[in-house]
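>>> What follows is a predicted structure for the sequence shown.
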Amino acid sequence: MEFTKLGATGLDVSRICLGCMSFGAPDRGNHTWTLSEDASRALIKQALDLGINFLDTANVYSDGHSEEIVGRALKD
């Protein structure tokens, strides 16, 4: 995996980012096409195994459920 500096923070982040907008429960937020937590966690695990350490999420993705899933996956 290739890494780059994140601005002036000194942090090294992967040049590939995993977008997490599709993670969450279909009954939360504005999108019915979101992935279940199990499917989301499988993608997160694969990304981490490949060296990706840059994940994009936001409190508006599935009404915050995406952030909850990412947080639990990283904690485990």
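Structure's in. What do you need? Since the model is a prediction, treat every value here as computed from it, not as a measurement. Numbering: from 1, shown residues only.
>>> any idea which helix is longest in this protein?
helix 37-49 (DSSP state H).
>>> List the buried residues of it.
Under the neighbour-count criterion of 16 or more other C-beta atoms under 10 Å, helix 37-49 has 37, 40-41, 44, 47 buried. (Each C-beta comes from the backbone N, C-alpha and C, glycine too.)
>>> any idea which of those residues is closest to Phe23?
Closest approach to Phe23 among these (C-beta to C-beta): Ser40, at 3.9 Å.
>>> The closest one against Leu18, yeah?
No: the pair Ser40 / Leu18 is not scored as a contact, 10.1 Å apart, by C-beta atoms under 8 Å.
>>> about what we covered before: and the longest helix of the chain, what does it pack against?
Judged by 3 or more C-beta pairs under 8 Å, 6 or more residues apart in numbering; DSSP states H and E, helix 37-49 is in contact with strand 18-19, helix 65-75.
>>> and stretch 21-34, which residues are buried?
Residues of stretch 21-34 classed as buried by neighbour count (16+ other C-beta under 10 Å): 23-25, 29, 34.
>>> Greatest separation within the residues you listed: which pair is it?
Maximum distance among the buried residues of stretch 21-34 (C-beta to C-beta): 10.4 Å, for Phe23 and Gly29.
>>> Identify the contacts common to these two.
Residues touching both Phe23 and Gly29 (C-beta atoms under 8 Å, 6 or more residues apart in numbering) are 61-62, 65.
>>> want to try JSON lines for those residues, with pLDDT as columns?
Formatted as JSON lines, the shared contacts of Phe23 and Gly29 follow (pLDDT from 0 to 100):
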{"residue": "Tyr61", "pLDDT": "89"}
{"residue": "Ser62", "pLDDT": "89"}
{"residue": "His65", "pLDDT": "92"}
